[in-house]
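coords please:
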Amino acid sequence: MSRAHGHRTSSARAAGLALVAAIAGACLAPKPAPAAVSHVIQAGETLWSVSAANNLTTRTVAAFNGLSEESQVIEGQAIQIPTVEEGAAALAAAGITPGATEVAAVPTTSSAAPAPAPGSTYGLGHIPSPWGELHLDPAAAESWNAMRAAALAQFGVDLHPDGLLSAYRTYEQQAYLYDLYLAGQGAPANPPGSSTHELGISVDVAEPVMRDVIDQIGAAYGWAGTIPSEWWHVAYLG
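As a prediction, the model looks like this:
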């Protein structure tokens, strides 16, 4: 082998090793963490509806954007949708304790007068959930919490709503979910003004195992499934 040929072979080998190292380094390099994304408000959207669509509380999105929970957003306005971690940091920076009672901003497209928003001012009872404190009629809440304690003790199953709108809802919130259902974008929902959620006596549970437990012990606490086609829906019958 000539010196020139040997030199070319060594150079090619070095170049190949450098290329492999570069590819490996790119593959092993940490991926950037998810970050907030911009959202442009569309017609009919509110701070509440955008927050709910992204599985965040109104308070979280408001705090991240430096807004109050009651802020009215307008069509064409750009807001930032944070990650869960960014939202939690924004709440902490604002001195807000996650899970504290939150007044939900609701769509205002309906002409009907809004029902009272959840809050102790209106005497609603409270039940725990992964999204913070949710609300029910006081008697229903007291019974639900007792049933939840029994479910944990007897079955090791925690009973909780499936989301922010899975317990008490205002008229506007029910209208929002009903519109989604009619548009083929949401689960079955009754027309506003006809749902037991608006009375604070219904809960949509998160998992079938929760419904199984309620079927076994719910009668002792006044809770039962009332819609055969909806395993998730249970109501307080007193």
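
all strands for the protein, in order.
Remark: strands of the chain, listed N- to C-terminal, are 37-40, 78-81, 125-127, 134-136, 202-204, 223-225, 233-236; assignment by DSSP state E.

buried ones in the fourth one, by neighbour count?
For strand 134-136, burial by neighbour count (16 or more other CB atoms under 10 Å) applies to 134-136. For the C-beta atoms, the positions are set from N, CA and C on the backbone; glycine is no exception.

need those in JSON lines (columns: pLDDT and distance to Leu47).
Conversion of the buried residues of strand 134-136 to JSON lines gives the following (pLDDT from 0 to 100; distance: CB to CB, whole Å):
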{"residue": "Leu134", "pLDDT": "91", "distance to Leu47": "19"}
{"residue": "His135", "pLDDT": "93", "distance to Leu47": "19"}
{"residue": "Leu136", "pLDDT": "95", "distance to Leu47": "24"}
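
distance to Ser194 added to the strands of the chain, as TSV?
Shown next, in TSV, are these (distance: least, CB to CB, whole Å):
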stretch	distance to Ser194
strand 37-40	32
strand 78-81	32
strand 125-127	22
strand 134-136	18
strand 202-204	12
strand 223-225	18
strand 233-236	13
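
between these, which one is closest to Thr170.
Taking CB to CB as the criterion, Thr170 comes closest to strand 134-136 out of these, the separation being 10.3 Å.

how much space separates Ala62 from Leu159?
In this structure, Ala62 lies at 29 Å from Leu159, with CB to CB, to the nearest Å as the measure.

now do Ala146
Ala146 sits at a distance of 11 Å from Leu159 (criterion: CB to CB).

so between the two, which is more surrounded?
Under the criterion of other CB atoms under 10 Å, the comparison of Ala146 against Leu159 puts Leu159 first, with 29 against 14.

OK, contacts around the closest residue to Leu152 other than its chain neighbours?
Counting by CB to CB, 6 or more residues apart in numbering, Asp158 is the residue found nearest to Leu152 once chain neighbours are left out, at 5.9 Å. By CB atoms under 8 Å, 6 or more residues apart in numbering, the contact list for Asp158 reads 148, 151-152, 210.

now for Gly66, how many residues are close by?
Residues near Gly66, counting by other CB under 10 Å, number 11.

hmm, back to that, can you add neighbour count, pLDDT and distance to Asp179 and give the contacts of Asp158 back as TSV?
Conversion of these to TSV gives the following (neighbours: other CB atoms under 10 Å; pLDDT from 0 to 100; distance: CB to CB, whole Å):
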residue	neighbour count	pLDDT	distance to Asp179
Arg148	20	96	31
Ala151	21	97	34
Leu152	13	96	36
Met210	23	96	27
